[in-house]
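> Sequence plus predicted model, see below.
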Amino acid sequence: MLRLVSTLCVRRPWTVIAVWLVLIGSVAAAVLVFGRPTENSLSLPGSDAQRAADVQARAFPDEAADDASGTLVLHATAGTLEDPARRDAMARAAERIEAVPHVRKATPASRRAGTVSADGRTGYLAIALDVRARDVDRALVRRIEDAAAPLEATGVETVPGGRLAEAAERSGGAAREAGGLAVGAVVLLAALGGAVAAGLPIAMALAGLVCGVGAVGLLGHLTAIPPVATTLATMIGLGVGIDYSLFVLSRYRTLLARGEGVPQAVRSAVTSSGASVAFAGATVVIALSGLLLGGVPVLRTLAWTSALVVAVAVAVAVTLLPAVLRVLGGRIDALRVFRGRGGSQAPSAVWERLGGWVTARPWRVLIGSAALLAVLTVPVTAMRLGQVDAGSDPAGSAPRRSYDLMAQGFGPGSNGPLTVVAAPAPKAAGPADARITGLADSIRRTSGVAEVSPPRLSADGSAAVLRVTPATAPADPATADLVRRIRALPAAGAEVHVGGPVAAHADLADRAASRMPLIIGVVLALCGAVLLAAFRAPVVAVKAAVMNLISIGAAYGALTAVFTWGWGVEALGLDGPVPIEGYVPMMLFAVLFGLSMDYEVFLLTAVREEWLRHGDDRRAVSGGLAATGRIISAAALIMVGVFAGFLPHHDPVIKMFGLGMAVAVAVDATVVRGLLVPSSMVLLGRANWWLPAWLDRALPRSGPPSPRPVSGSRAGCGTS
């Protein structure tokens, strides 16, 4: 198929380019017209928190609409909110806010409703909207803030809270993407030597990003896509987009340097490096597909959005890039800045010396690198999963300011109240039903509870809802423990469930931990099968899986050291240690396992080519490392730069993904691929390519193309 694709790109390059330009323009125009809505929706089928939400929705159908709601937090800089002038201003502000389009109702703060603090200085207006959370934008928040001007005039600070605070801080990531592109441009210029060659992978990555991330954004109109999904897809799409194009481009330039004509060089680059790119992309997609077994909807969304962007990056690298190369021809080396870098895949003297050094002392290198990786992995034993709350957002942001004001006025637990839903059987006759009041009394006596609201009974008596305010913040592990204690309370004659965001996050963390072994096993099996089919070497496939696990362990260790222990966490813009979101390790495992396979595929392809030429294991390892060292290190530097560019993001979860992926790629491309893999392959010798006869017959004859063995060589593996 790749031969057919390469032939089309060579014979009809302008047609291929025109199709891509139409596609890019169409997606970009659609995004500009319809926007890219996002929505934080944490559903978890089968969990106790989800059952609580379902029972409440059936019992209170008027409250079950998908329309969003938010708050406007109020704080009197002097005096109290109960000052007559301020009460009048609050009433006028509520009327003005209700006049804002898409606002259904604005309820002023009052002691009777429990929306004014004990000291009278802090309160909040409850604002009901007639649009879904994904459609709440910054413009709507600004109009609501402008309508609250009468309060500001009386010395009352107004801060958006809840969904309004999230929308107020919602912004594009152009600056972060530009930072990653700048790092990529410098690395590419140093590696390729010319401005045209360096700019082409970046242009291809941007083309893929517009199509992939744009498509994800447009699909947000059909399904709930959290903001973290688009940001993560951007991170991955930018990194693999540059890397995949770089691998194909470097192969093309090497073939030109060897004297091949432009058409043949394009065909050979697509059928060799393009095949490796396809295998690498397929491995990433397969690893991400393992998350479908997690039983967590948010993980499924993160998986398919990232997989879509990776698939687009592969398509760009094997279709649009070859067509552009056919048009450019030899002008790919125009505007040269550094001389003598025409063949990017030519053996590097530095990496050739490193390969010789590693192959000369494999045991020492293996033990030393393994010990270093073990030290990097040790902190993972102290990893603490939990929920990240707005208290970790940057100081001065709307979510952080509203969080601090609410904690100051109503206690830290006010930012994460629990919803206890009781379904009595038979139905309750009224709120004074002994089963409901007994449950409320039991909850009040439970350690860690600050307040329990009076129960609200549904019209048909089928369910009662109690709002429970914990004494601790949402991110505090004690709050998750409180959820478990309330669920363990005896409740005679009623079915009791605990819901709310805090309970949902606790359920998510528990499910992620229980499903992690299954996902690891499935991803290992699937990716191992892909490598086995590609290289027809079971030892190589198993070893690659083990090496990837080591890289991921180092990433987990870095996450724990920074976010749990607090090492250098202030440098990331956080005030102190924060819990690691429950789904982050699972998502990181799938993403990093797939990305680590990229470098494994390219390195093993080169080693296999060398081994098929002469059958000497040491020479093959040294030659493969020398041939791929420069390009893999350049690709890794680009990836690290792209991922590190997202560390200043205000969302701690994005910081976790950025740090974890940057560390994993850096460790993988240096210690693992530069030291551990070569030394282990030298020690394994011919066992690397061992293939039983029955497996040889069973495996398909496919994989990254390799030259046929030289006459008399000892090659024992299949060839493409």
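Looks like it arrived, so ask away.
> contacts, neighbours, all on C-alpha from now
Will do.
> which residues in the stretch 451-600 of the chain form helices?
With DSSP state H, counting those that start in this stretch as the criterion, the stretch 451-600 of the chain has helices at 477-487, 501-535, 538-559, 584-614.
> Could I get the buried residue list for the third one?
Right, the one you point to is helix 538-559. 538-545, 547-559 (16 or more other CA atoms under 10 Å).
> Residues contacting that helix, please?
Contacts with helix 538-559, where a contact means CA atoms under 8 Å, 6 or more residues apart in numbering, come from 373-374, 376-380, 383, 524, 527-529, 531-532, 535, 580, 585, 588-589, 592-593, 596-597, 600, 656, 659-661, 663-665, 667-668, 672, 677, 687-691.
> Kindly report the same for stretch 634-651.
Against stretch 634-651 from outside (CA under 8 Å, 6+ apart): 176-177, 179-181, 183-184, 187-188, 191, 235, 238-240, 242-243, 246, 393-394, 572-573, 654-656, 658-659, 661-663, 665-666, 669.
> pLDDT of that stretch, averaged?
For stretch 634-651, mean pLDDT is 87.
> Look up phi and psi at the closest residue to Gly411 other than its chain neighbours.
Closest residue to Gly411 apart from its sequence neighbours, by CA to CA, 6 or more residues apart in numbering: Ala471 at 7.0 Å. When read as degrees, to the nearest 10, the backbone of Ala471 gives phi -90, psi 0.
> got it, and Ala109?
Here is the backbone geometry of Ala109 (degrees, to the nearest 10): phi -70, psi 140.
> which residues of the stretch 1-150 of the chain score low on pLDDT?
Applying pLDDT under 70 to the stretch 1-150 of the chain flags the ranges 63-67.
> And the helices in it?
Using DSSP H, counting those that start in this stretch, helices in the stretch 1-150 of the chain cover 2-11, 13-34, 48-59, 84-98, 138-147, 149-153.
> picking up where we left off before, closest to Pro263 out of the helices of the stretch 451-600 of the chain?
Nearest of the helices of the stretch 451-600 of the chain to Pro263, taken as CA to CA: helix 584-614 at 22.9 Å.
> and the next element down the chain from that closest one?
helix 617-644 (DSSP states H and E).
> Check which element follows that next one along the chain.
Taking DSSP H and E, what comes next after helix 617-644 is helix 652-667.
> Tell me which residues are up against that next one.
Contact with helix 652-667 is made by 228, 231-232, 388, 392-393, 551-552, 554-556, 558-559, 563, 572, 574, 580-581, 584, 588, 592, 595-596, 636-637, 639-641, 643-649, as judged by CA under 8 Å, 6+ apart.
> So which other helices or strands are in contact with the helix or strand bottoming out on mean pLDDT in the chain?
Ranking every helix and strand in the chain by mean pLDDT, DSSP states H and E puts helix 174-192 at the bottom, with a mean of 74. Packing partners of helix 174-192 (3 or more CA pairs under 8 Å, 6 or more residues apart in numbering; DSSP states H and E): helix 195-219, helix 617-644.
> May I have it exported as PDB, CA atoms only?
The C-alpha trace of helix 174-192 is given here as PDB (Å, rounded to 0.1, in the frame of the first residue of the first chain):
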ATOM      1  CA  ALA A 174      -0.700  29.500  21.200                       C
ATOM      2  CA  ALA A 175       2.200  30.700  23.400                       C
ATOM      3  CA  ARG A 176       2.900  27.200  24.700                       C
ATOM      4  CA  GLU A 177       2.800  25.700  21.200                       C
ATOM      5  CA  ALA A 178       5.000  28.500  19.900                       C
ATOM      6  CA  GLY A 179       7.600  27.700  22.600                       C
ATOM      7  CA  GLY A 180       7.600  24.000  21.500                       C
ATOM      8  CA  LEU A 181       7.900  25.000  17.900                       C
ATOM      9  CA  ALA A 182      10.800  27.300  18.700                       C
ATOM     10  CA  VAL A 183      12.700  24.500  20.400                       C
ATOM     11  CA  GLY A 184      11.900  22.200  17.400                       C
ATOM     12  CA  ALA A 185      13.100  24.800  14.900                       C
ATOM     13  CA  VAL A 186      16.500  25.200  16.700                       C
ATOM     14  CA  VAL A 187      17.000  21.500  17.000                       C
ATOM     15  CA  LEU A 188      16.000  20.800  13.400                       C
ATOM     16  CA  LEU A 189      18.300  23.600  12.100                       C
ATOM     17  CA  ALA A 190      21.200  22.100  14.000                       C
ATOM     18  CA  ALA A 191      20.400  18.600  12.900                       C
ATOM     19  CA  LEU A 192      19.600  19.200   9.200                       C
END
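> Can you pull up the most central residue in this protein?
Leu232 (3.8 Å; CA atoms, centre = their mean).
> who's in contact with that residue?
302, 306, 654, 657.
> Dump the helices and strands packed on helix 174-192 into JSON lines; add mean neighbour count and distance to Ser276 as well.
Formatted as JSON lines, those follow (neighbours: other CA atoms under 10 Å; distance: least, CA to CA, whole Å):
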{"stretch": "helix 195-219", "mean neighbour count": "22", "distance to Ser276": "17"}
{"stretch": "helix 617-644", "mean neighbour count": "25", "distance to Ser276": "13"}
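> So what touches stretch 586-594?
Contacts for stretch 586-594 (CA under 8 Å, 6+ apart): 280-281, 283-288, 290-291, 299, 302-303, 512, 516, 520, 523, 548-549, 552, 657, 660-661, 664-665.
> Give me the spatial nearest neighbour of Arg485, chain neighbours excluded.
With sequence-adjacent residues excluded and distances taken as CA to CA, 6+ apart, Arg485 is closest to Thr446, at 7.7 Å.
> The one you found contacts Ala488, correct?
No: with contact defined as CA atoms under 8 Å, Thr446 and Ala488 do not form a contacting pair (10.7 Å).
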